[in-house]
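**Student:** just need the structure, nothing else, for what follows:
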Amino acid sequence: IASLDVATRMMEDNGITILGDIIREAVQLRRKMADLERNLHRNGDWFFSMWQPPTVKYKGNSVEFADCPNAYLAENQAPWVLNNQDNWHGFEDIEENYVMLDPIKLTILTPGIDNSGNMLDHGGIPASIVSNFLIKHNIVCEKTDYYSFLLLNSLGTNRAKQGSLLAALFEFKKLYDSDTPLESVFPELVRSYPERYGSETLKSHCEAMHNYLREHKLIELMHRAFEVIPTPAMLPVEAAAHVVRGNVEMVDVSAINNRTVAVMLVPYPPGIPVMMGGETVSGEANAIAEYLLAREKFENMFPGYEGDIHGITRERRGEQTIFRTLCIKK
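**Tutor:** Here you go, the predicted structure:
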């Protein structure tokens, strides 16, 4: 509560200037990332990219993002509005002036998916590996997807911190390109699971996870899970009442077909509910169970990369982790 009062007073005193500086610094980092990626790609090398338009309209001409003046990008909405004419974002049916990209929310993309959304055969670097590496450098990601992670250029972020981010990304690239043993990059992970990771390098580790994600189609399963609408058997408030009365039981995810869940299920990524309490896993909604089972198998294949799934409880059975959730008793 006190921090909200302080933030409110800061905005009253100098809010426009502060937020203007934040936007300009974020735009400068975006242009720097675009320039680095462009120069490295010209030399046949790779680097991380930013989710943003590759070109923008400036004074009637189309210019590369890295070459557009900082002031124009920071003071005009036009470069950030998503539209279906300049379809760099992939949303084909987007309405005019429907949404714009927030310049201070920085989504960094890792190699692994091409511009058409197809997974690459080789050279993929899952974002969870990169975000775990950044944590070692005291850089915390707001959200990590399969091949992207989100950072915020907000109050308190300055060029020194941006420099630390770029340095960490270049260090990761150096360790990846030099095929550094994983024990030197993630010593705690290797010590915790020596038989699983002891012989891997950072590059082979990235490749193994990327191949698993591609072969088991986890991204495709995730999309299917979020496209279906489960059948409601009761209102969420009624499901909550069942929880209060104890009229629920833990059920393995592998056995939740045709069961009514009692709690909301929210997998991260992307952090959006796939089911509400009171909805039944049946018909097309079985795709949700398939995705959760795929996540379960992934965690057993890559221990140490457990993702947050609200509503799921993990239980160890021998060497395996089993996903369970609360369902209404039959």
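**Student:** for the rest of this, base every contact and every neighbour count on C-alpha atoms.
**Tutor:** Will do.
**Student:** Asn286 and Gly112, how far apart?
**Tutor:** Asn286 sits 28 Å away from Gly112, going by Cα to Cα, to the nearest Å.
**Student:** so for these two, which sits in the more crowded spot?
**Tutor:** A count of neighbours by other Cα atoms under 10 Å puts Gly112 above the other of Asn286 and Gly112, at 24 against 18.
**Student:** let me know whether that one touches Ser148 as I believe.
**Tutor:** No: checked against Cα atoms under 8 Å, the pair Gly112 and Ser148 is beyond contact range at 9.8 Å.
**Student:** between the two, which contacts overlap?
**Tutor:** Jointly contacting Gly112 and Ser148 under the rule Cα atoms under 8 Å, 6 or more residues apart in numbering are Pro126.
**Student:** list the contacts of the nearest residue to Pro126 once chain neighbours are set aside.
**Tutor:** Among residues not flanking Pro126 along the chain, Tyr147 sits closest, at 5.2 Å (Cα to Cα, 6 or more residues apart in numbering). The neighbours of Tyr147, taking Cα under 8 Å, 6+ apart as the test, are 109-113, 125-128.
**Student:** which one in the residues you listed is the model shakiest on?
**Tutor:** The lowest pLDDT within the contacts of Tyr147 belongs to Ile113, with 91.
**Student:** so who does that residue touch?
**Tutor:** Contact analysis of Ile113 by Cα under 8 Å, 6+ apart lists 119-120, 124, 147.
**Student:** got the contact list for Tyr176?
**Tutor:** So Tyr176 contacts 202-203 (Cα under 8 Å, 6+ apart).
**Student:** longest single strand anywhere in this structure?
**Tutor:** strand 320-328 (DSSP state E).
**Student:** which other residues reach that one?
**Tutor:** 239, 242-243, 247-253, 256, 259-263, 292-293, 296, 299-300, 311-316.
**Student:** quick check: buried residues in stretch 50-61?
**Tutor:** Across stretch 50-61, burial judged by 16 or more other Cα atoms under 10 Å covers 50-53, 55-56, 58.
**Student:** among those, which are in strands?
**Tutor:** Judged by DSSP E, the subset of those located in strands is 50, 55-56, 58.
**Student:** I'd like those laid out as JSON lines, including pLDDT.
**Tutor:** Compiled in JSON lines, those are given as follows (pLDDT from 0 to 100):
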{"residue": "Met50", "pLDDT": "95"}
{"residue": "Thr55", "pLDDT": "94"}
{"residue": "Val56", "pLDDT": "94"}
{"residue": "Tyr58", "pLDDT": "94"}
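**Student:** from these, pick the one nearest Lys329.
**Tutor:** Nearest to Lys329, judged by Cα to Cα, of these is Met50 at 47.1 Å.
**Student:** and stretch 235-253, C-alpha only, in PDB?
**Tutor:** Only the C-alpha atoms of stretch 235-253 are listed here, as PDB (Å, rounded to 0.1, in the frame of the first residue of the first chain):
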ATOM      1  CA  LEU A 235     -20.900 -22.600 -12.000                       C
ATOM      2  CA  PRO A 236     -17.400 -22.000 -10.600                       C
ATOM      3  CA  VAL A 237     -19.000 -20.800  -7.300                       C
ATOM      4  CA  GLU A 238     -20.800 -24.200  -7.000                       C
ATOM      5  CA  ALA A 239     -17.500 -26.000  -7.600                       C
ATOM      6  CA  ALA A 240     -15.900 -23.900  -4.900                       C
ATOM      7  CA  ALA A 241     -18.700 -24.900  -2.500                       C
ATOM      8  CA  HIS A 242     -17.900 -28.600  -3.200                       C
ATOM      9  CA  VAL A 243     -14.300 -27.900  -2.300                       C
ATOM     10  CA  VAL A 244     -15.400 -26.200   1.000                       C
ATOM     11  CA  ARG A 245     -17.600 -29.200   1.800                       C
ATOM     12  CA  GLY A 246     -14.900 -31.700   1.000                       C
ATOM     13  CA  ASN A 247     -16.900 -33.300  -1.800                       C
ATOM     14  CA  VAL A 248     -13.800 -33.500  -4.000                       C
ATOM     15  CA  GLU A 249     -10.900 -35.900  -4.600                       C
ATOM     16  CA  MET A 250      -7.500 -35.900  -6.100                       C
ATOM     17  CA  VAL A 251      -7.400 -37.500  -9.600                       C
ATOM     18  CA  ASP A 252      -4.400 -38.200 -11.800                       C
ATOM     19  CA  VAL A 253      -4.500 -36.000 -14.900                       C
END
